[in-house]
Each structure stands twice: as structure tokens, then as C-alpha cells.
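> the sequence isn't on hand, but the structure is:
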């Protein structure tokens with residue numbers, strides 16, 4: 001037996017208006033999932049039942065309902081914070097790109113040490129790769145060089161294959 005709902009849902013729009021929003025936003029699944037949740041609440045389902053149906057936790061259901069009650073449809077739009085600001089300014093990134101462009105055989109560890117020494121910013125190797133990719137730099141694993149290989153290996157190969 002379930003308990004009666006303690007917090008009523010505020011109906012900011014009709015069920016038909018919700019259906020129109022659902023059809024319009026089928027590509028935006030985050031908002032669509034939230035609107036389905038609200039529609040289930042309009043139909044009289046509990047927060048827990050509605051949350052289970054759309055595949056979220058009961059706690060998220062209450063958060064979505066609270067946002068809906070406060071702001072209506074606009075409350076359902078995801079709020080992205082934008083992430084942590086970069087440790088390097090745009091000018092510093094431009095200087096770094098100039099430094100990197102002078103040579104074409106940098107390793108990510110060398111770039112990480114360069115950033116540390118020039119700008120005093122600590123980055124992980126993964127973040128250095130992200131920065132390099134954003135700068136348009138291409139990187140890959142260096143070729144393995146066999147220390148036993150003679151300097152004129154190509155010439156020896158040509159002579160060996162030509163004599164056959």
C-alpha cells in the first residue's frame with residue numbers, strides 16, 4: 001500500500017500542451033525524459049512510480065518536480081555549469097602554440113613540463129592531450145628504433161633484393 005502524495009504537482013500547462021512539447025522535443029531526450037515524467041505525474045502516478053518508469057531515481061524525480069513547480073517548462077531545461085575554467089589564459093595558449101610549432105617532435109610529457117616551467121600550471125598527461133587536440137596539433141606514438149639496425153639498412157636491403 002502506498003502513501004498518499006504529500007506534494008501536489010502544479011499544472012503549468014494542459015496535458016495537450018505537454019503532448020505538443022513532447023512531439024516537438026523528441027530529439028532532445030533529456031528534456032523529453034523530464035516531460036514524460038511530468039506527464040506521468042499529471043496522470044496521477046506517484047513520484048516513485050513516475051521516476052521508475054522513466055529510469056531515474058526517486059530523488060531526481062523530486063528535484064525535477066520541484067523545478068517544474070517553480071519554473072514550469074524552463075525548469076526542466078538542463079543547467080550545465082560549463083566546467084572548470086582553464087589554468088591558462090588565451091594569450092598563454094597562443095604563446096604555447098607558438099612554442100610547440102617551432103618543433104614537431106614533442107612528447108606529451110615534454111609539453112606538460114614546458115607548460116609547468118613557462119606558465120606554472122600543472123596538468124595531467126590526459127589534459128595536455130586535450131589541449132593539444134584543441135590547438136589542432138596531431139600526435140601519435142613515436143616509431144620504435146632498433147639500436148641494432150645499421151645506418152644504411154635501406155641500401156643493404158636494395159642490394160640484397162637486387163641480386164636475386
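Perfect, thanks for sending it. Treat the numbers as computed from the prediction; the structure is a model and nothing was measured. Numbers count the residues shown, from 1 in each chain.

> alpha carbons only for contacts and neighbour counts from here, please
Fine.

> so where does the most centrally placed residue in the chain fall, helix or strand?
For the chain, residue 83 is the residue whose C-alpha lies nearest the centre (Cα atoms, centre = their mean; 9.7 Å). Assigned by DSSP states H and E, residue 83 belongs to neither a helix nor a strand.

> same question, residue 36
Counting by DSSP H and E, residue 36 is part of helix 29-42.

> just how off-centre is whatever helix or strand comes next after that helix within its chain?
Per DSSP H and E, the first helix or strand lying C-terminal to helix 29-42 is helix 47-54. Centroid separation for helix 47-54 versus its chain: 27 Å, with Cα atoms, centre = their mean, to the nearest Å.

> correct me, but residue 12 touches residue 70?
No: in this structure residue 12 lies outside contact range of residue 70 using Cα atoms under 8 Å: 9.7 Å.

> how about the helices in this structure?
Secondary structure of the chain, counting by DSSP state H: helices at 15-24, 29-42, 47-54, 58-71, 90-101, 108-119, 125-134, 153-162.

> could you export these as JSON lines, including distance to residue 146, mean neighbour count and mean pLDDT?
As requested, these are exported to JSON lines (distance: least, Cα to Cα, whole Å; neighbours: other Cα atoms under 10 Å; pLDDT from 0 to 100):
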{"stretch": "helix 15-24", "distance to residue 146": "61", "mean neighbour count": "13", "mean pLDDT": "85"}
{"stretch": "helix 29-42", "distance to residue 146": "53", "mean neighbour count": "20", "mean pLDDT": "91"}
{"stretch": "helix 47-54", "distance to residue 146": "58", "mean neighbour count": "18", "mean pLDDT": "94"}
{"stretch": "helix 58-71", "distance to residue 146": "57", "mean neighbour count": "17", "mean pLDDT": "94"}
{"stretch": "helix 90-101", "distance to residue 146": "27", "mean neighbour count": "14", "mean pLDDT": "91"}
{"stretch": "helix 108-119", "distance to residue 146": "22", "mean neighbour count": "16", "mean pLDDT": "93"}
{"stretch": "helix 125-134", "distance to residue 146": "26", "mean neighbour count": "15", "mean pLDDT": "90"}
{"stretch": "helix 153-162", "distance to residue 146": "11", "mean neighbour count": "10", "mean pLDDT": "86"}
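
> cool, thanks, signing off.
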